[in-house]
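Here's my sequence, what's the structure:
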Amino acid sequence: MKPSTSPSAPADEQAALWAARLDGSALSAADQRELAAWLAADPAHRPLLSSYCQFSADLEQQLPLLAGVRDELAESTTASKAARSFPWWRRPAWAGATLAAAAALAVFLWPGQPQNHSQNLGTAVAARQEFTLPDGSHLELNAQTAAVVELTSTERRVRLAGGEAFFRVAKDPARPFFVETPAGSVRVTGTEFNVRTESAASLEVTVREGSVQVRPGGSGTPRNLRGGDQLVSVGRTVEITALVAGRLADALAWRQGRIVFADTPLREALARFARYHGRTLTATDAAALRRVGGNYSLDDLDGFLAFLEETDGMGLHLTRSTDGAIRIGLPDES
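Numbering: from 1, shown residues only. Prediction:
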């Protein structure tokens, strides 16, 4: 008899049951539709199922020990409860290599949503992706961004090795949320903010809602930011600016696949496109001093380059190498 996954069952119990079913046998077409519906019902279901599947994988090496636990549980009231809740508990497959019973046992040995969770996240070239963590927090990663997530019963940490990420942190005063980068750290309990870091010397934090505490690596002095504030740290220089609504939206435009420049040095504009597309885009010293403005599609690199080459007033010339690298200079530098 297959375990029930009724909507009234707690989400963590349903996740453990699905993990068991996925491990025990191939799902029928009807089961696959049921699983797809359950995953679509709540964004938290997918990472929760992933946690239990990983937990089951970790238990695989402990089956001999778990057999002993099973014998002890058989003599307890917990065993009776397990037999009533999960009729397939006693199936002969326990003695085999499957982990169906082990996943069910996780409901009792690890009640509620898993407190300890680790996860590696990353995005490819020209790709953006959103992730939901088991605590309900959401992460949106810009292209070529890598992050390591670690959740425990006392704190939540994300290590951002490089790139850009937008965070919507679920409120949990008992478990502060930290974002660590090579250029400094951010501490919150529940808010919405953006972090961008390109090197160990640069950090940009933009707060959309709530408040955060930033400790730039260069200065070491904590800075408190509120909604609409943006901190830019380069080396030991730290600047905090209160952004009007329009500029705040511009700073977060990458989430919609856009990028907005306002009198931005060409060198910086090229660096943003270069990271997103994984391309080599450079400019001569003279061309790098030119300023760029406008709203562009991050995915349309060719359109941006055409603007630089064809717009009156820019006067720039592009040189393309066979390896895909592009160098931008003044016409008389070609």
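
Just grab the bridge partners of residue 185 for me.
residue 180, residue 215 (DSSP bridges).

is it true that it touches residue 212?
No - Residue 185 is beyond contact range of residue 212, at 10.1 Å (criterion: C-beta atoms under 8 Å). For the C-beta atoms, the positions are set from N, CA and C on the backbone; glycine is no exception.

Neighbour count for these two, which is higher?
Neighbour totals were compared for residue 185 and residue 212, and residue 212 leads with 26 against 20 (other C-beta atoms under 10 Å).

For that one, give me its contacts.
186, 187, 188, 191, 193, 205, 224, 225 (C-beta atoms under 8 Å, 6 or more residues apart in numbering).

Identify the residue spatially nearest to it, adjacent ones excluded.
Using C-beta to C-beta, 6 or more residues apart in numbering and skipping the chain neighbours, the partner closest in space to residue 212 is residue 188 (4.7 Å).

Where in the chain is the helix or strand with the lowest mean pLDDT?
helix 77-85 (a mean of 37; mean pLDDT, DSSP states H and E).

Residue 225 - how many residues pack around it?
22.

So it: helix, strand or coil?
strand (DSSP: H, G, I helix; E, B strand; the rest coil).

can you give me the helices for the stretch 151-300 of the chain?
245-251, 266-277, 285-288 (DSSP state H, counting those that start in this stretch).

Name the nearest residue to residue 35, ignoring sequence neighbours.
Residue 35 sits nearest to residue 18 (C-beta to C-beta, 6+ apart), 6.2 Å away.

so which helix or strand takes in the one you found?
helix 11-24 (DSSP states H and E).

Export the helix or strand following that helix to CSV, keeping only CA atoms.
Once the chain leaves helix 11-24, the next helix or strand it forms, by DSSP H and E, is helix 29-41. C-alpha atoms of helix 29-41 as CSV (Å, rounded to 0.1, in the frame of the first residue of the first chain):
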residue,chain,number,x,y,z
ALA,A,29,1.9,8.6,-14.3
ALA,A,30,-0.8,9.3,-11.8
ASP,A,31,1.8,9.5,-9.0
GLN,A,32,3.9,11.9,-11.1
ARG,A,33,0.9,14.2,-11.6
GLU,A,34,0.2,14.1,-7.9
LEU,A,35,3.8,15.0,-7.0
ALA,A,36,3.8,17.8,-9.6
ALA,A,37,0.6,19.2,-8.1
TRP,A,38,2.1,19.0,-4.6
LEU,A,39,5.3,20.8,-5.6
ALA,A,40,3.4,23.5,-7.4
ALA,A,41,1.1,24.1,-4.4
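
average pLDDT across helix 29-41?
For helix 29-41, the mean pLDDT works out to 78.

Does residue 305 lie in a helix or a strand, and which?
helix 301-310.

what helices or strands is that helix leaning on?
helix 266-277, strand 291-297, strand 317-320 (3 or more C-beta pairs under 8 Å, 6 or more residues apart in numbering; DSSP states H and E).

buried ones in the first one?
Counting neighbours by 16 or more other C-beta atoms under 10 Å, one finds that the buried residues in helix 266-277 are 266, 267, 269, 270, 272, 273, 274, 275, 276, 277.

which one of those residues is nearest residue 160?
Residue 160 has its nearest neighbour among those in residue 275, at 13.9 Å by C-beta to C-beta.

Any idea how many residues pack against residue 205?
The local packing of residue 205 (other C-beta under 10 Å) involves 26 other residues.

Run through the bridge partners of it.
Beta bridges link residue 205 to residue 195, residue 231, judged by DSSP bridges.

Now do the SS call for the residue minimising distance to the centre of the chain.
With distances taken as C-alpha atoms, centre = their mean, residue 139 lies nearest the centre of the chain, 4.0 Å away. What three-state DSSP gives for residue 139 is strand.

Surely it touches residue 164?
No - judged on C-beta under 8 Å, residue 139 makes no contact with residue 164 at a distance of 11.0 Å.
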